[in-house]
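Peer 1: next come a sequence and a model predicted from it.
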Amino acid sequence: MQLADIARALGCELRAVILPRDAPPVRLPALLAPHPYLAFIGAIELFHPPVRGTAPGVHPAAVIGDGTTLGPGTSIGPHAVVGRNVTIGRDAVLHPNVTIYDRVRIGDGFTAHAGVVVREGVEIGDRVTLHAGVVLGSDGFGYLPLPDGNRKIPHIGTVVIEDDVEIGANATIDRAALGATVVGRGSKLDNLVMVGHGCRIGPGCLLAGQVGLGGGTVLGARGMMGGQAGAAGHVTVGDGAQIAAQTGIHRAIPARAQYSGSPAIEGGVWRRVTAAFPRLPELFRRVRRLEQRMGVSPDEPGDE
């Protein structure tokens, strides 16, 4: 089987295969077993064309509000609802049950999969893809605790999604209390990512599944965050920083740094700390025996 055959079976296009000059021929069975050039398999570039809808047009079961403008080549599926005074660029695809609130502005080449919700006043650039269940522009989590209960803080800002952004299924991006929550050009957000109100994500960032950003977090250009990493509100992560999975960020992270752990510490230190964890029980026992020989009474009982 040729790589081109695999690409066709997956509905993709084979764009490039990069192997070292001295690489022997690599057959499909070799890809399924240990192989000295297995590390280069990632250099095979398969391009999956975006999923498009049916022929351009508005399904009879869709609802389009007054004052809305649809660009040429736009396709709107059944039970999609587009509010009033919305502008959608050319070649957009809205799959079934998409809801676009009033006064939304959307660029060219937009794709919204089933169940996407875009709230009022949100701005979306060109070639943006929203996967199933994405919600843009819901109210941020802002409440004022008072003796008589929690009073909601109005969120009158918006969300701005710049060009070439892709957002995974069931991700949520909250509107700002004032100003805008921004996702920069070319950034990619995985499924179940949560972006709080007033956050600013720089261009070219990669956020893996279940990343959570507290309100007011700033993530610099080309930042990377592993799965389940989280940032407390109003912290800044510098350009090019790499945050490992499940890291808890509680303070500013410098540019191009690597951080791990919760609370977050420099990645090299975290690796040494985690390597020492399995040795701690034996180290503790040795300290206890030393204390006993010296006649020192420990302040707290330990595990013998």
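Peer 2: Now that the structure is in, tell me what you want to look at.
Peer 1: my read is residue 278 is in a helix, agree?
Peer 2: Yes: the assignment for residue 278 is a helix, going by DSSP: H, G, I helix; E, B strand; the rest coil.
Peer 1: what's the neighbour count on it?
Peer 2: Applying other CB atoms under 10 Å, we find 8 other residues in the vicinity of residue 278. For glycine as for every other residue, the C-beta is placed from the backbone atoms N, C-alpha and C.
Peer 1: do the one 5 residues further on as well
Peer 2: Under the neighbour criterion other CB under 10 Å, residue 283 is assigned a count of 10.
Peer 1: so it sits in a strand?
Peer 2: No: with three-state DSSP as the criterion, residue 283 is assigned helix and is not in a strand.
Peer 1: ok, the residue nearest the centre of the chain - contacts?
Peer 2: Centroid check for the chain by CA atoms, centre = their mean gives residue 189 as the closest residue, at 2.3 Å. Applying CB atoms under 8 Å, 6 or more residues apart in numbering, we find residue 189 in contact with 165-168, 171, 183, 195, 207, 211.
Peer 1: shouldn't residue 109 be in contact with residue 127?
Peer 2: Yes: using CB atoms under 8 Å, residue 109 makes contact with residue 127 at a distance of 4.2 Å.
Peer 1: helices along this protein, start to end?
Peer 2: Taking DSSP state H as the criterion, the chain carries its helices at 3-9, 28-31, 267-276, 280-294.
Peer 1: distance-wise, check residue 135 relative to residue 108.
Peer 2: Distance of residue 135 to residue 108, computed by CB to CB, to the nearest Å: 23 Å.
Peer 1: what's the answer for residue 117, then?
Peer 2: Residue 117 is 21 Å from residue 108, where distance means CB to CB.
Peer 1: isn't residue 132 up against residue 113?
Peer 2: Yes: at 4.4 Å, residue 132 counts as touching residue 113 under the criterion of CB under 8 Å.
Peer 1: which neighbours do these two share?
Peer 2: With CB under 8 Å, 6+ apart as the test, residue 132 and residue 113 both reach residue 169.
Peer 1: who's more crowded, these two?
Peer 2: Using other CB under 10 Å, the more surrounded residue of residue 132 and residue 113 is residue 113, with 20 against 16.
Peer 1: so the more buried one is in contact with residue 96, correct?
Peer 2: No: using CB under 8 Å, residue 113 makes no contact with residue 96, being 9.1 Å away.
Peer 1: so how far is residue 195 from the residue nearest to the centre of the chain?
Peer 2: 8 Å.
Peer 1: OK, contacts around residue 160?
Peer 2: By CB under 8 Å, 6+ apart, the neighbours of residue 160 are 122-123, 180-183.
Peer 1: what stretches of the stretch 1-150 of the chain score poorly on pLDDT?
Peer 2: Within the stretch 1-150 of the chain, the stretches with pLDDT under 70 are 1-3, 7, 9-55.
Peer 1: count the neighbours of the spatially closest residue to residue 59 that is not a sequence neighbour for me.
Peer 2: Nearest residue to residue 59, sequence neighbours excluded (CB to CB, 6 or more residues apart in numbering): residue 78, at 4.5 Å. Look at residue 78: counted by other CB under 10 Å, it has 12 neighbours.
Peer 1: please apply the same query to residue 95.
Peer 2: By other CB under 10 Å, neighbour count at residue 95 equals 22.
Peer 1: could you verify my assumption that it touches residue 80?
Peer 2: Yes: here residue 95 reaches residue 80: they are 7.4 Å apart, a contact under CB under 8 Å.
Peer 1: quick one on the thing from earlier: any chance of the contacts of residue 160 in TSV with distance to residue 274 and neighbour count as columns?
Peer 2: Converted to TSV, the contacts of residue 160 look like this (distance: CB to CB, whole Å; neighbours: other CB atoms under 10 Å):
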residue	distance to residue 274	neighbour count
122	41	23
123	43	20
180	39	18
181	34	29
182	35	22
183	32	30
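Peer 1: closest one to residue 87 out of the residues you listed, please.
Peer 2: The shortest approach to residue 87 among the contacts of residue 160 belongs to residue 123, at 9.9 Å (CB to CB).
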